[in-house]
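Colleague: need coordinates for the below:
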Amino acid sequence: MIEIDTVSKLFGAGDSAFRALDRVSVTIKENEFFTLLGPSGCGKTTLLRLIAGFEGPTSGKILLDGQDLADKPPYRRPVNTVFQSYALFPHMTVAENVGFGLTMLGKPKSEVAATVSEMLALVRMTNLADRKTSQISGGQQQRVALARALAPRPKVLLLDEPLSALDFKLRKEMQLELKRLQSETGITFVFVTHDQEEALTMSDRIAVMSGGTIRQIGGPREIYDQPSERFVADFIGDTNFLSAEMIARTGDSAQLRLGQGAEVTARAGQVDKTSGAVTLAIRPEHARLVALDAGQLTGTLDDIVYFGTDTHYHITLDGIGTRFVLRRQNSPDEMRPVQQGERVGIALASSAGQVLKD
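Modeller: Residues are numbered from 1 along each chain as shown. Predicted coordinates for the structure are as follows:
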């Protein structure tokens with residue numbers, strides 16, 4: 001549906017020019033929920049604005065459904081955008097807001113009414129059709145903004161952190177609603193967020209961005225379990241980084257020696273090395289507390305943090321001083337309680353670690 005070919009975007013000129021995007025290339029499929037994920041200033045919103053037509057690329061091409069968008073202004077593109085601020089008309093009703101764009105396009109009243117009715121049913125707002133948007137909640141306003149953007153049936157819907165103003169519980173509900181809407185309408189969604197959990201929950205594929213470049217593209221499980229480099233592993237969820245030596249390799253599997261001398265097996269498909277110093281990424285849930293002499297690592301338990309569904313254990317590893325965080329789900333049959341200051345063993349799940357590029 002969208003092909004972005006070596007696109008760069010500079011703001012300013014000469015030595016003071018800021019490179020917001022640096023030769024970015026990515027293909028977004030039809031009927032895909034695609035997320036641009038990264039910290040503030042990484043270029044994700046700039047890329048969204050280029051697709052929408054609010055900015056033009058300094059170099060490179062953007063194709064939509066095979067057509068070059070270079071000469072098409074925003075209103076000539078089959079694209080709609082939902083912004084952080086919903087920009088609803090407070091003096092209009094919910095139904096009037098949803099139908100506004102269709103009316104401006106000169107659609108017949110009967111078609112506008114039918115489409116508005118369909119869109120309100122889609123976002124489950126039919127019973128509030130005659131309510132002013134100034135009289136409904138933030139979550140309901142978000143649904144109205146979505147219905148308005150979907151009403152002209154665009155080929156692509158761009159969403160620029162539309163959930164950022166909602167409270168935690170409502171955000172969770174709307175994440176599932178957005179995925180449902182994308183699935184039911186068959187429209188390609190391009191979603192921008194800095195929230196890793198949001199991206200993992202909704203996306204078919206994720207592009208992790210940093211410094212105006214895409215660092216990795218993949219499905220949520222691939223991005224989380226097989227990060228290609230340290231930045232991706234560090235940005236997506238919690239990660240422990242251990243220095244290790246690669247002592248053998250067979251295909252995508254590597255044998256590593258950790259700082260305390262234990263040997264473990266890890267995935268190494270993202271790196272070209274066959275020996276030498278490497279960094280091993282271990283997710284906190286891929287390790288467990290064991291008796292002192294039963295694990296690959298040992299250390300002193302410094303902190304125990306209770307989160308309701310699980311507990312986080314902060315451990316300083318013996319001899320090397322590295323901090324290791326371990327996550328254990330709380331359940332009635334959990335192992336014996338441990339105390340702060342106790343020395344413990346850490347067992348690593350088989351082949352759960354990922355060797356990183358840098």
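Colleague: what about Glu111, which helix or strand?
Modeller: helix 109-122 (DSSP states H and E).
Colleague: meant to ask about Thr265
Modeller: Assessed by DSSP H and E, Thr265 sits inside strand 263-267.
Colleague: what comes up buried for that strand?
Modeller: Using 16 or more other Cβ atoms under 10 Å as the burial criterion, the residues of strand 263-267 that qualify are Val264, Thr265, Ala266, Arg267. For the C-beta atoms, the positions are set from N, CA and C on the backbone; glycine is no exception.
Colleague: and the nearest residue to Lys155 once chain neighbours are set aside, how many residues sit next to it?
Modeller: Closest residue in space to Lys155, ignoring its immediate chain neighbours: Pro78 at 4.2 Å, by Cβ to Cβ, 6 or more residues apart in numbering. Pro78: 16 surrounding residues under other Cβ atoms under 10 Å.
Colleague: now Gln340
Modeller: Per other Cβ under 10 Å, the neighbour tally for Gln340 reads 11.
Colleague: quick one, what contacts it?
Modeller: Gln340 makes contacts with Leu301, Asp302, Asp303, Ile304, as judged by Cβ atoms under 8 Å, 6 or more residues apart in numbering.
Colleague: same thing but 10 Å
Modeller: Thr300, Leu301, Asp302, Asp303, Ile304, Tyr313, His314 (Cβ atoms under 10 Å, 6 or more residues apart in numbering).
Colleague: now the residues you listed as JSON lines including secondary structure, neighbour count and pLDDT?
Modeller: Listed next are the contacts of Gln340 as JSON lines, based on DSSP: H, G, I helix; E, B strand; the rest coil; neighbours: other Cβ atoms under 10 Å; pLDDT from 0 to 100:
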{"residue": "Thr300", "secondary structure": "strand", "neighbour count": "14", "pLDDT": "96"}
{"residue": "Leu301", "secondary structure": "strand", "neighbour count": "18", "pLDDT": "95"}
{"residue": "Asp302", "secondary structure": "strand", "neighbour count": "13", "pLDDT": "95"}
{"residue": "Asp303", "secondary structure": "strand", "neighbour count": "12", "pLDDT": "95"}
{"residue": "Ile304", "secondary structure": "strand", "neighbour count": "14", "pLDDT": "94"}
{"residue": "Tyr313", "secondary structure": "strand", "neighbour count": "23", "pLDDT": "95"}
{"residue": "His314", "secondary structure": "strand", "neighbour count": "17", "pLDDT": "96"}
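Colleague: as CSV, these with distance to Ile187 would be great.
Modeller: What follows is the contacts of Gln340, written out as CSV (distance: Cβ to Cβ, whole Å):
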residue, distance to Ile187
Thr300, 53
Leu301, 50
Asp302, 49
Asp303, 46
Ile304, 46
Tyr313, 44
His314, 44
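Colleague: what's the closest of these to Ala17?
Modeller: His314 (43.7 Å; Cβ to Cβ).
Colleague: so Phe34 is in contact with Ser203, correct?
Modeller: Yes: taking contacts as Cβ atoms under 10 Å, Phe34 lies within contact range of Ser203: 6.8 Å.
Colleague: can you pull the residues that touch both of these two?
Modeller: Gln182, Phe189, Phe191.
Colleague: which one among those residues gets closest to Leu356?
Modeller: Of the shared contacts of Phe34 and Ser203, the one sitting nearest to Leu356 (Cβ to Cβ) turns out to be Phe191, at 26.4 Å.
Colleague: what about the closest one, distance to Val290?
Modeller: 41 Å (Cβ to Cβ, to the nearest Å).
Colleague: who has more neighbours out of these two?
Modeller: When neighbours are counted by other Cβ under 10 Å, Phe191 and Val290 differ, and Phe191 comes out ahead with 28 against 16.
Colleague: where is the longest helix in this protein?
Modeller: Ranked by residue count and defined by DSSP state H, the top helix of the chain is helix 168-185.
Colleague: show me what contacts Lys132?
Modeller: Counted by Cβ under 10 Å, 6+ apart, Lys132 has contacts Leu88, Phe89, Pro90, His91, Met92, Thr93, Val94, Glu96, Asn97.
Colleague: so the last one touches Pro90, yeah?
Modeller: What it means is Asn97. Yes: taking Cβ under 10 Å as the definition, Asn97 is a contact partner of Pro90 at 9.3 Å.
Colleague: shared neighbours, those two?
Modeller: Residues touching both Asn97 and Pro90 (Cβ under 10 Å, 6+ apart): Lys132, Thr133, Gln141.
Colleague: list phi and psi for the second one.
Modeller: Okay, so that is Thr133. phi -70, psi -20 (degrees, to the nearest 10).
Colleague: and Thr265, bridged to which residues?
Modeller: Counting by DSSP bridges, Thr265 forms beta bridges with Gln255.
Colleague: quick one, what contacts it?
Modeller: Ala248, Thr250, Ser253, Ala254, Gln255, Leu256, Leu348, Ser350, Ser351, Ala352, Gly353.
Colleague: state the number of residues packed around the fourth one.
Modeller: The reference is to Ala254. 26.
Colleague: report pLDDT for the closest residue to it other than its chain neighbours.
Modeller: Closest residue in space to Ala254, ignoring its immediate chain neighbours: Ala268 at 3.9 Å, by Cβ to Cβ, 6+ apart. Ala268 carries a pLDDT value of 91.
Colleague: contacts only, for Ala268.
Modeller: So Ala268 contacts 246, 249-256, 274, 278, 280, 353-356 (Cβ under 10 Å, 6+ apart).
Colleague: of those residues, buried ones?
Modeller: Met246, Arg249, Ala254, Gln255, Leu256, Val278, Leu280, Gly353, Gln354, Val355, Leu356.
Colleague: among those, which pair sits farthest apart?
Modeller: Gln255 and Leu356 (16.3 Å).
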